[in-house]
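1. dropping the sequence and predicted coords here.
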Amino acid sequence: MSIATFEWPALAGEPAAERFHRLASQWDEESAVMSSVTQMMMLPSYQKIIGMGWAAVPFMLEDLKREPRHWFAALRAITDTNPVAPEDAGNIQKMADAWVQWGRRNHIVD
């Protein structure tokens, strides 16, 4: 059983994939008019994704493969790591690529 399909106790009643996608959609709607990444990260929907813990990591990484978005703080909070090279900080595409490569090295995404 992979980490993405394991039914985490805190998520009982709603599969992790459904919860993540519901919260991510909510976050998209709530943050659409925001220019501050800090404000975006403080939204309850983003915080709930962080609260999903490791169950959310594969979904964030898959999302980064399709569209680089600001999952970086959530990924750092959950994984306690940062694979982004200091010189790439602020470059969303390079940051996304670094996280996806990290996910592949750790067998979390293909």
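-> On my side now, so go ahead. Only a predicted model underlies this, so the values are computations on that prediction, with no experimental measurement involved.

2. list the buried ones in the lowest-mean-pLDDT helix or strand in the chain?
-> Within the chain, no helix or strand scores below helix 37-42, which has a mean of 92 by mean pLDDT, DSSP states H and E. By neighbour count on 16 or more other CB atoms under 10 Å, the buried set for helix 37-42 is 40-41. Yep, even glycine has a C-beta here, placed from its N, CA and C like the rest.

3. other SSEs contacting it?
-> Using 3 or more CB pairs under 8 Å, 6 or more residues apart in numbering; DSSP states H and E, the elements in contact with helix 37-42 are helix 16-31, helix 72-79.

4. run through the chain and note the low-pLDDT ranges.
-> By pLDDT under 70, the low-scoring segments of the chain are 1-12.

5. so what touches the next helix-or-strand element following the least confident helix or strand of the chain?
-> Counting by DSSP states H and E, the element after helix 37-42 in chain order, helix or strand, is helix 44-51. Defining contact as CB atoms under 8 Å, 6 or more residues apart in numbering, one finds that helix 44-51 is touched by 10, 20, 23-24, 26-27, 30-31, 40-41, 56, 60, 74, 77-78.

6. hmm, who's touching stretch 83-92?
-> Residues contacting stretch 83-92 (CB under 8 Å, 6+ apart): 68-70, 72, 94-95, 98-99, 101-102.

7. just the helices and strands packed on helix 37-42: most buried one?
-> Neighbour counts averaged per stretch over those are highest for helix 72-79, at a mean of 18; criterion: mean count of other CB atoms under 10 Å.

8. check which helix or strand the residue nearest the centre of the chain maps to.
-> For the chain, the residue nearest the mean C-alpha position is M60 (3.3 Å; CA atoms, centre = their mean). Element membership for M60 (DSSP H and E) is helix 57-66.

9. export that helix to CSV, keeping only CA atoms.
-> Presented in CSV, the C-alpha positions along helix 57-66 are these (Å, rounded to 0.1, in the frame of the first residue of the first chain):
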residue,chain,number,x,y,z
VAL,A,57,2.9,15.1,-0.4
PRO,A,58,2.4,12.9,-3.4
PHE,A,59,-0.5,15.0,-4.5
MET,A,60,1.4,18.3,-4.2
LEU,A,61,4.3,16.8,-6.1
GLU,A,62,2.0,15.5,-8.9
ASP,A,63,0.5,19.0,-9.0
LEU,A,64,4.0,20.6,-9.3
LYS,A,65,4.7,18.3,-12.3
ARG,A,66,1.7,19.8,-14.1
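
10. thanks again, I'm all set now.
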